[in-house]
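Student: take a look and give me a structure for this.
(4 chains)
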Number of protein chains: 2
Amino acid sequence: MATPKYQMIADEIRRRIHMNVYPAKSLIPDQNTLAKEFGVSRMTIKKALDGLAVEGLIYKQSGLGTYVLGDVSVHASDSPAEAFDGLTKQEGEEHVSSEVIKFDVSLPSELIQKKLDVASDEPVYVIDRLRKIDGVPRVLEHTIFPLKLVPGLTREILMGSIYDYMHQALNLKFGGALRRINATLANDFDVAHLDATTGEPVLEVEQVIWLTTGENLEYSTSRNLASWRGYTVLDINND
Amino acid sequence: MATPKYQMIADEIRRRIHMNVYPAKSLIPDQNTLAKEFGVSRMTIKKALDGLAVEGLIYKQSGLGTYVLGDVSVHASDSPAEAFDGLTKQEGEEHVSSEVIKFDVSLPSELIQKKLDVASDEPVYVIDRLRKIDGVPRVLEHTIFPLKLVPGLTREILMGSIYDYMHQALNLKFGGALRRINATLANDFDVAHLDATTGEPVLEVEQVIWLTTGENLEYSTSRNLASWRGYTVLDINND
DNA sequence: CAGTGGTCTAGACCACCTA
DNA sequence: AGGTGGTCTAGACCACTGC
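Tutor: Numbers count the residues shown, from 1 in each chain, chains lettered A, B, ... in the order given. Predicted coordinates:
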């Protein structure tokens, strides 16, 4: 069984919604009918529909049926940023380049000890990178990793995608992230590297990323010129 | 059956994690053992664990077992904002008051027609409110609803919680929201009402909220003094 | 190899909605 | 009352992991 049945069924129903076989704001066939059509038990149909409901594509109501809500793109032309692919994946590898401003190993400050939950004698990488899109400076990233979680980091890797290195070479899996978004003003560092103007608004994203093991992998702050970049969040209500 | 078994089991396991009966970074008993303990089938245990995995509390790996990741609070002291409860729920009713700056009915601009997917002859409410926490101006909200979705709106309701009115009096259910967060500078309107200083950073949240029926209910922008408020996002990786 | 979680079934009962 | 989705079972087979 390459891909699970419920996944294939979900894909097919998603396709039908996009193709308007199941038009928006209409009811799709009930679970028993779908179970017969796909030659599968009702539980499997339900699991497929559950996934589509989490995506916000349909809404199920007991006693009534299953509505098509339509695509998220119905609600906005803008699609949300991918959560765990860095800039490189979002913009395409060929567009992104990185300038390494700082690449140090040090002992963690108290703030970092708290954010990453590491001991005071546990060395960490401290990295400042300027990320450019098509050669234009766009994002200033200040990143801290525990050294033991990211062994063998080099300047060469930093010039490309750190996330590719973590996923492919180190086989690390991201468990989740907690992000805080703030509005700030451009500081001297932004002016020097981002081509910002003093007093210009800057969107700052502060985040902690942890692994599926529960260990904290990264604490970082990234600064984006507001005129270029916002932060988009899609929120589906599940009650 | 008041609450489903899987829900009660999930609550119990969550309690055990908080109580350190299942300590962080350890394995919890396997699904068959739990099924026997709770006198329930394994599918039910799995559904309970699935829920906890979505919350980011545990991580399951086929062939290995189920790890405790610990609480999200392990990763940050700050908890994310509640998605669909307005300010009133977040801060507590007794702390929030609202000043209605504008309360109009008009025909939608082209932007609004597009954002709310309403016809040009479909009247909408246009509302500006200044929200105060403990009497201090904190948030400027500019909100637009289609009139037909929110009948009977009055100034009195606007002074309290619109969301309570929608949920309780109108029985509307939120399907989801798409939000975009931007960094901007305080404008004259902010200076006049928010006690902002010109040139101060302002966090702007622009959002579309839709109902479980797929209809768009609200388009709004809210402006927060950055010094007071950020926006927090929790992101659990599900692959 | 034994043990884990992932998937799937066929059928059952329930709560909810519309009529 | 009849139909909907929600829950639950007892058992089966699979893929993956570690020993």
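Student: how far does the least confident helix or strand in chain A by mean pLDDT sit from its chain's centre?
Tutor: Counting by mean pLDDT, DSSP states H and E, chain A has its least confident helix or strand at helix A:87-91, which shows a mean of 72. Offset of helix A:87-91 from its chain centre (C-alpha atoms, centre = their mean, to the nearest Å): 11 Å.
Student: so that helix, near chain B or not?
Tutor: No. Using C-beta under 8 Å from any C-beta of the partner chain, helix A:87-91 stays clear of chain B, coming no nearer than 13.9 Å. Using the backbone N, CA and C atoms, a C-beta is placed for each residue, glycine as well.
Student: burial of residue A:206, as a residue count?
Tutor: Applying other C-beta atoms under 10 Å in any protein chain shown, we find 20 residues neighbouring residue A:206.
Student: is it correct that it is in contact with residue A:184?
Tutor: No. With contact defined as C-beta atoms under 8 Å, residue A:206 does not count as touching residue A:184 (10.5 Å).
Student: for whatever residue is furthest in space from the centre of chain A, give its distance to residue A:174.
Tutor: Centroid-distance maximum for chain A: residue A:36 at 37.1 Å, with C-alpha atoms, centre = their mean. Separation of residue A:36 from residue A:174 (C-beta to C-beta, to the nearest Å): 40 Å.
Student: same check, this time on residue A:12
Tutor: Separation of residue A:12 from residue A:174 (C-beta to C-beta): 29 Å.
Student: looking only at neighbour counts, state which of those two leads.
Tutor: residue A:174 (21 against 15).
Student: which pLDDT value goes with the more buried one?
Tutor: The model reports residue A:174 with a pLDDT of 89.
Student: now do the contacts for it.
Tutor: A:84, A:209, A:210, A:211, A:212, A:217, B:237 (C-beta atoms under 8 Å, 6 or more residues apart in numbering or on different chains).
Student: min pLDDT across the residues you listed, which one?
Tutor: residue A:84 (63).
Student: contact residues of chain A facing DNA strand D?
Tutor: Within chain A, the residues that sit near DNA strand D (C-beta under 7 Å from any atom of the strand) are A:1, A:28, A:30-33, A:42-43, A:46, A:49, A:60-66.
Student: can you give the domain ranges for chain A?
Tutor: The record's domain split for chain A, according to automatic domain parsing, is A:5-68, A:79-232.
Student: closest one to DNA strand C among those?
Tutor: domain A:5-68 (2.5 Å; C-beta to the nearest atom of the strand).
Student: the closest one vs chain B: in contact?
Tutor: Yes. Judged by C-beta under 8 Å from any C-beta, domain A:5-68 and chain B are in contact via A:24, A:25, A:56, A:59, A:61, A:67, A:68.
Student: re earlier: what secondary structure does the residue farthest from the centre of chain A sit in?
Tutor: helix (DSSP: H, G, I helix; E, B strand; the rest coil).
Student: now residue A:66: how far from residue A:58?
Tutor: 5 Å.
Student: which of the two has more neighbours?
Tutor: residue A:58 (25 against 21).
Student: that older thread, so which of the residues of domain A:5-68 next to chain B are in strands?
Tutor: Of the residues of domain A:5-68 next to chain B, the ones assigned to strands by DSSP state E are A:59, A:61, A:67, A:68.
Student: surely the last one meets residue A:17?
Tutor: It stands for residue A:68. Yes. Between residue A:68 and residue A:17 there is a contact at 5.5 Å, judged by C-beta under 8 Å.
Student: joint contacts of those two?
Tutor: A:24, A:57, A:58.
Student: ramachandran angles for the second one?
Tutor: Okay, so that is residue A:57. Dihedral pair for residue A:57: phi -90, psi -30, per degrees, to the nearest 10.
Student: do the first one as well
Tutor: Here is the backbone geometry of residue A:24 (degrees, to the nearest 10): phi -60, psi 150.
Student: tell me the pLDDT at it?
Tutor: The model's pLDDT for residue A:24 equals 89.
Student: hmm, it is touching residue A:70, no?
Tutor: Yes. Counting by C-beta under 8 Å, residue A:24 touches residue A:70, with 3.6 Å between them.
Student: rewinding a little: what's the least confident stretch among the domains of chain A?
Tutor: domain A:79-232 (a mean of 87).
Student: around DNA strand C, which positions in chain A sit nearby?
Tutor: A:1, A:4-7, A:39-44, A:47, A:61-64.
Student: could you redo the last one with a cut-off of 6 Å?
Tutor: Within chain A, the positions adjacent to DNA strand C are A:1, A:4, A:5, A:6, A:40, A:41, A:42, A:43, A:44, A:62, A:63, A:64 by C-beta under 6 Å from any atom of the strand.
Student: follow-up on the earlier one: could you flag which of the residues of chain A next to DNA strand D are buried?
Tutor: The neighbour-count test (16 or more other C-beta atoms under 10 Å in any protein chain shown) applied to the residues of chain A next to DNA strand D identifies A:28, A:31, A:49, A:60, A:66 as buried.
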